[in-house]
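Student: Below are the sequence and a predicted model for it; my questions follow.
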Amino acid sequence: MRKSRFAILASATTLLLAACGGSAPPGADDGDQAGSGDTITIGSLHPLSGAAAADGQQMDNGAQLAVDAINEAGGIESLGGAQLELASSDTQGDPQIGQTEAQRLIDEGAVALVGTYQSAVSSNVAAVAERNQVPFVIDVSSADQILQQGYTNVFRVQPSSTVLGQRGADFLAAVAEGAGAEPPRVAILHEQGPFGTAIKDSFSAQAESLGMEITNVQSYDPASVSDFTTQITAVEASGADVLMVAGYYRDGVLVAQAVDTVQPDLDAVLGVANGAFDVPQFPEEVGAAGEGYFDANYHLDNTNPQTQELAALYEEEFGDPIRTAAVLSYDAVRVIADALERAGDSDPVAVRDAIAETELDSLLAADGPISFSETGENENATPILMQVIDGAVVQVYPEDKAETEPVYPAFPTG
Amino acid sequence: MTSAPDSAAHDVGADDGADVQTAEAVSAQPDRRRGWANSIWSRVGIGVVGIAVAILVAYLRAGSGVVVSQAVLTGLLTGGVYGLVAMGLTLIFGVLDIVNFAHGAFLALALYITVVMVNEFGLYPYLALLISVPVMFLLGAAVQRFILAGAIGKPLENQLLITLGLALLIDNGLLLFFGPNPQSVRIPGDTGIEVLGGVANLSRFLAFGVAIVLAALIYLLLQRTRLGTAIRAVAASDAGAQLVGIDTRRIYAATFAIGTACAGAAGVLVAPLVTIEPTTGELFNIVAFVVVVLGGMGNVVGALVGGLIIGLTEQLGALYLPGQSPLLSVFVVFVLVLFLRPQGLFGRSVS
């Protein structure tokens, strides 16, 4: 007993000391003469610490894998085989830090930026990128407003909130109809920030136009919520058939636990752009309680052999199943590399012009190759429907992306 | 009111800190005789009536008895968890006058101790208490002795910054060591139990029960043991305690260690209820501070009652004001209580 106490104390001390070493400013050891000569620097801005660190680190890893793959394949050929270099920076999920870090990366010669996960951070980084005329490719951040400022240097790979909410309702209607069920009555539970609210708005408008009834709408604060049993009881009391949830990982797990505790009489739980229900860790964490959960979300394409290869490589390299966010970062870096190749020039303005002309196959499930509209939205970005079946997240709809049939009603008791 | 000289004196230093406690103790005397808002029974009465009215209004708003009874049950159970987390904090706050921002980080550390014990050594989750509590006790003693002791008698900001720095260090140390992926601890056979028309998991009832037991234990420790008497003496007057031969440095270390050990116990009990990430402890920080001030600094029973009130407020408030952060209703109640009783519900220093 004494021994193990001591061991833990000792490891705790080491860990504290290690943390001291780890707190050096990120990117301090990145090359200083970036952007000149044979290396071209791409700035990567993600939350490597803080509440979203799990996704942030995955995304930075994804971007790094893309850079490595391009360098191994001979770099940028039209620039004499120039090598890419990733300058990683930690936004800590803080818009202020994101803003100053974006400026720092640009000052140090980054020709383009990828990032950033949180919409609030992306908004600030977009403003910096626009001011400096440096292209910024958003991997993850769904808020519609970011691309409604008339920016010409900002592009987004993932679908916007509007598309996500609309398609979410479409999928639900299609799956229910396919199972021969009536249009379901839907209760909505969404996080109260701009992300959850935007999804709620576009989802309910579309759902109502498809003949579904919204029985109950509740919102919550994702930062402080610790239990959903009251909300789930209210969902049950409203007589809903389906619960729609728009939120992040931690709260998604709490929802699943509360549904398991309260056992409401539901046919399905559907996430729309949910940060939990389509993440491989989710069924691991909640176990049987997560079985049957749907999520309509942008997602890596499991049916694409290139994506499968990337997923295997990621797992081998980092010992963790890859998340969709990392694939988006991978794609965002590929967009920049492809633009550099076609431009034959590492000047940010030339890169921007080339990005606007992009036609690049995506590793995500999509309607077609990545190509950007006037405002910078990826025109072919779409969510797909996933479901937790036998403890694994699988693609179930639309048919051409499906690995298996959707199970609806999803709960045997429902 | 009584706390006015309090805040002014806090800025000056530890010696004055001792005076503050005496001044507070003295002025609490007439306070208690002053009447309706202060007799313990009238306070309990007002509290019960207030809660009954709140539940009734919630029923009228929600229009469903099931939802309200679920809200009350969930509120009480989460409130117990808040009380559990706040107990250690209130001890440190009340006795040492240290605003311990690292409390949430200590909690996170205990969560990860539980994760390691359960996932690496296959221990039954609650048995991790046997490891977590002593480890956190020693860690608390070491932190007080080697890091915080030097800041005693210095401006309050010093301690504040030290604990804040410690919190960052622990959070990011956990991130470095365990990585950012969420972890979980599950209790075998943790199913829902129906009580009072609501339903909640066994692990929540257990956390609630232990919160009450822990509050009783600390209360007995403070009231009935020599160590407890010495702790209360130091809280009341540092200089006076030294004059009667109490080794105040030892008492400081012991109090901080007990407070940290409470975080250790809370961590194990909270582990099955939350997704464990390096930042999980921070979630509890704000609420814990509110609970401490609401219950009266240094009062463990106050922390428990404060926790229950906050838990209920959160849940019922969500029924009144759907779509608002639960913190809104929490702070409305907080401000109201402090307006009526600036020293907190059970305020006076430790006793």
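Tutor: Arrived safely.
Student: Now the residue of the stretch 201-350 of chain B found nearest chain A: closest residue in space that isn't a chain neighbour?
Tutor: Proximity of the stretch 201-350 of chain B to chain A (C-beta to the nearest C-beta) peaks at B:Ser325, 4.1 Å away. Heads up, the C-betas are built off the backbone N, CA and C, glycines and all. Spatially, and ignoring its direct neighbours in sequence, B:Ser325 is nearest to A:Asp221 (4.1 Å; C-beta to C-beta, 6 or more residues apart in numbering or on different chains).
Student: That neighbour: how many residues sit nearby?
Tutor: Using other C-beta atoms under 10 Å in any protein chain shown, A:Asp221 has 18 neighbouring residues.
Student: Low-confidence regions, chain B specifically.
Tutor: B:1-38, B:323, B:348-351 (pLDDT under 70).
Student: all helices for it, in order.
Tutor: Remark: helices assigned in chain B by DSSP state H are B:3-10, B:14-33, B:40-62, B:65-96, B:103-121, B:129-142, B:156-178, B:202-224, B:226-236, B:238-243, B:248-270, B:280-295, B:300-320, B:326-340.
Student: circling back to that earlier point, my guess is the residue nearest to B:Ser325 contacts B:Pro326, does it?
Tutor: Yes: using C-beta atoms under 8 Å, A:Asp221 is in contact with B:Pro326, at 6.2 Å.
Student: Surely the residue of the stretch 201-350 of chain B closest to chain A is in contact with A:Ser224?
Tutor: Yes: between B:Ser325 and A:Ser224 there is a contact under C-beta under 8 Å: 6.9 Å.
Student: Neighbour count for these two, which is higher?
Tutor: B:Ser325 (20 against 16).
Student: quick one on the thing from earlier: between the helices of chain B, which one is closest to A:Ile106.
Tutor: Set against A:Ile106 and scored by C-beta to C-beta, the helices of chain B come closest in helix B:156-178, at 26.6 Å.
Student: is that closest one anywhere near chain A?
Tutor: Yes: applying C-beta under 8 Å from any C-beta of the partner chain, one finds that helix B:156-178 is in contact with chain A at B:Leu169, B:Ile170, B:Asn172, B:Gly173, B:Leu174, B:Leu175, B:Leu176, B:Phe177.
Student: coming back round to it: give me every residue that touches the residue nearest to B:Ser325.
Tutor: Going by C-beta atoms under 8 Å, 6 or more residues apart in numbering or on different chains, A:Asp221 touches A:Glu191, A:Gln192, B:Ser325, B:Pro326, B:Leu327.
Student: Show the pLDDT at it.
Tutor: Model confidence at A:Asp221, expressed as pLDDT, equals 84.
Student: Next, count neighbours for B:Pro155.
Tutor: 14.
Student: same question, B:Val301
Tutor: 20.
Student: how near is A:Ser209 to A:Ala174?
Tutor: Distance, A:Ser209 to A:Ala174, using C-beta to C-beta, to the nearest Å: 14 Å.
Student: more neighbours, these two?
Tutor: A:Ala174 (16 against 11).
Student: Which of the helices or strands spans the more buried one?
Tutor: Applying DSSP states H and E as the criterion places A:Ala174 in helix A:161-178.
Student: What pLDDT does the model give the residue nearest the centre of chain A?
Tutor: Geometric centre of chain A, nearest residue: A:Ala325, 3.8 Å, by C-alpha atoms, centre = their mean. The per-residue pLDDT reported for A:Ala325 equals 92.
Student: pretty sure it is in a strand, no?
Tutor: No: A:Ala325 sits outside any strand when classified using DSSP: H, G, I helix; E, B strand; the rest coil, being helix.
Student: from what I can see it touches A:Asn61, true?
Tutor: No: look at A:Ala325 against A:Asn61 with C-beta under 8 Å: they stay out of range, at 10.1 Å.
Student: Tell me which of the helices of chain B sits nearest to A:Glu291.
Tutor: Proximity to A:Glu291 (C-beta to C-beta) singles out helix B:202-224 among those, at 20.5 Å.
Student: Look up how far B:Leu56 lies from the residue sitting furthest away from the middle of chain B.
Tutor: What lies farthest from the middle of chain B is B:Gly63; by C-alpha atoms, centre = their mean that is 33.6 Å. Distance from B:Gly63 to B:Leu56, counting by C-beta to C-beta: 12 Å.
Student: ok, now A:Ala66?
Tutor: 60 Å.
Student: So if I had to pick from the two, which one is more boxed in?
Tutor: A:Ala66 (28 against 11).
Student: Might you report the residue contacts of the closest residue to the more buried one other than its chain neighbours?
Tutor: Nearest residue to A:Ala66, sequence neighbours excluded (C-beta to C-beta, 6+ apart): A:Val333, at 3.7 Å. The contact partners of A:Val333, taken as C-beta under 8 Å, 6+ apart, are A:Ile42, A:Ser44, A:Gly62, A:Ala63, A:Ala66, A:Val67, A:Ile70, A:Leu84, A:Leu86, A:Val114.
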